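[1] coordinates only, sequence not included:
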């Protein structure tokens, strides 16, 4: 869709809102839109006391115009925030009359809707007041606002328990046995990048040792650790043992309350590897079937069957991990609400402590065809997520964290569900940005949270394994920032 903007230098929020509302179309800014052309026009006028935003959307010969006003205050930050909200809200109200399905997250476009809700709770709003605000000002549906407010309350309680010197560790293993068709993460098939794995493990262990020294010097307390990917169990049992030995020797783990490894795909998990994890005090693992339909698994590039998931789960149960998570994805090609219901019934029947329900998101760099296909799945995905919510709630699970991604089918969300007392707190710390997360490995992003929680400094590791393997000196130098950060606590 073409659009014009007058009176606003940065049109980022205009593009963002259009991509949210019209994911199948590519926004293109033009200087002038001929009369009668399908287009969006945004005009902003600044007065001494307020900003007036006027948005007109024309489609199919019909036009809808909306006017919003944002106050100008003594705080430049508050003024910008109010203007951004007014621009998004006006675009939402001008465009949605032309849509068959209105996004349930309304004019909220961020990755962290629970953090948004938590901000109001921390200002003294009651949950009822936050719900009213989210619906009346941000157009969020009752179901989504309830989800955000519940997750916000859990995060708020979690935040109160944290000490300023508490941190968590993320270790990334960016390799998979093969690449799934839907995957957007930085991961590499071992068929193509397997030769890098041995050198990668050498570099990773060296980074762990160096980082461990800095964390001890800074007197920081590691309270949770998460090894993800990729697929960490792409490593052999011997490689996993070396990695975990290095972790235990390099870090002081006396404060740690949970240790999670994303075991991942059943075709990479063996009994020997699971024993290695258990022997190194890993108490949470994730087994990720995504679907319990063999045809869907084949369509997405998974080289295992639904039966393999069942066998792997029983094997892991026998070893005695405290908590097992299982992932599924709503909106996969070839899946239907009926077959998705079968997946949910099967997973719930296994009785894992955690089930995470993801929504399919178009891969980064996806072409318009893929975005159109995802946009068309709105009703199907809504039915799937409703099935998940109803069945999980009936089985005693409750949502505890969520996040969103760009180009998600139907514009929905990913939600972590758990039985009471089995939250994976690392997920809450990380998604809600409640504490400093030190990330190791290729693609890792360390986030240093200021003492007041208002600012985040990011330190990025090289994105790809071959770059990571040759950048150890630079990576270790970057971790020195932990010392300066810790001195300000």
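    Yes, it's here. None of the values given here were measured: they were computed from a predicted structure.

[2] give the contact list for residue 453.
    Contact analysis of residue 453 by C-beta atoms under 8 Å, 6 or more residues apart in numbering lists residue 434. Placement of C-beta: from N, CA and C, glycine included.

[3] Apply 7 Å and report the result again.
    Neighbour list for residue 453: empty [criterion: C-beta atoms under 7 Å, 6 or more residues apart in numbering].

[4] Am I right that it falls within a helix?
    No: looking at residue 453 with DSSP: H, G, I helix; E, B strand; the rest coil, it is coil, so not inside a helix.

[5] how much distance is there from the helix or strand hosting residue 155 to the middle of the chain?
    Assigned by DSSP states H and E, residue 155 falls within helix 142-161. Computed by C-alpha atoms, centre = their mean, to the nearest Å, the chain-centroid distance of helix 142-161 equals 16 Å.

[6] One more: stretch 109-125?
    16 Å.

[7] Compute the first-to-last residue distance for it.
    Stretch 109-125 has an end-to-end distance of 22 Å (C-alpha to C-alpha, to the nearest Å).

[8] cool, stretch 246-264 as well?
    22 Å.

[9] Report pLDDT for residue 378.
    For residue 378, the pLDDT comes out at 85.

[10] Near it, how many other residues are there?
    21 (other C-beta atoms under 10 Å).

[11] OK, contacts around it?
    Per C-beta under 7 Å, 6+ apart, neighbours of residue 378: 101, 410.

[12] got any ranges where this structure has weak pLDDT?
    Within the chain, the segments meeting pLDDT under 70 span 178-194, 363-375.

[13] quick check: domain ranges of it?
    When the chain is parsed with automatic domain parsing, its domains come out as 1-99, 162-446.

[14] Switch those domains over to a markdown table; also include distance to residue 124.
    Formatted as a markdown table, these follow (distance: least, C-beta to C-beta, whole Å):
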| stretch | distance to residue 124 |
| --- | --- |
| domain 1-99 | 16 |
| domain 162-446 | 19 |
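
[15] Highest mean neighbour count out of those domains?
    domain 162-446 (a mean of 19; mean count of other C-beta atoms under 10 Å).

[16] buried sites along stretch 131-149?
    By neighbour count on 16 or more other C-beta atoms under 10 Å, the buried set for stretch 131-149 is 131, 134, 138, 139, 140, 144, 145, 147, 148, 149.

[17] so what's the spatially most central residue of the chain up against?
    In the chain, the residue lying closest to the centroid (C-alpha atoms, centre = their mean) is residue 403, at 4.7 Å. By C-beta under 7 Å, 6+ apart, the contact set of residue 403 is 111, 112, 413, 414, 431.

[18] What separation do you get for it and residue 384?
    18 Å (C-beta to C-beta, to the nearest Å).

[19] One more: residue 126?
    Taking C-beta to C-beta, one finds residue 126 at 32 Å from residue 384.

[20] Please name the residues that touch the residue lying closest to residue 113 once chain neighbours are set aside.
    Spatial nearest neighbour of residue 113, excluding adjacent residues (C-beta to C-beta, 6 or more residues apart in numbering): residue 148 at 4.4 Å. By C-beta under 7 Å, 6+ apart, the residues touching residue 148 are 113, 114, 117.

[21] tell me the contacts of the closest residue in space to residue 158 that isn't next to it in sequence?
    Of all residues not flanking residue 158 in the chain, residue 428 sits nearest, at 5.2 Å (C-beta to C-beta, 6+ apart). Shown in contact with residue 428 (C-beta under 7 Å, 6+ apart): 154, 155, 158, 400, 401, 434.
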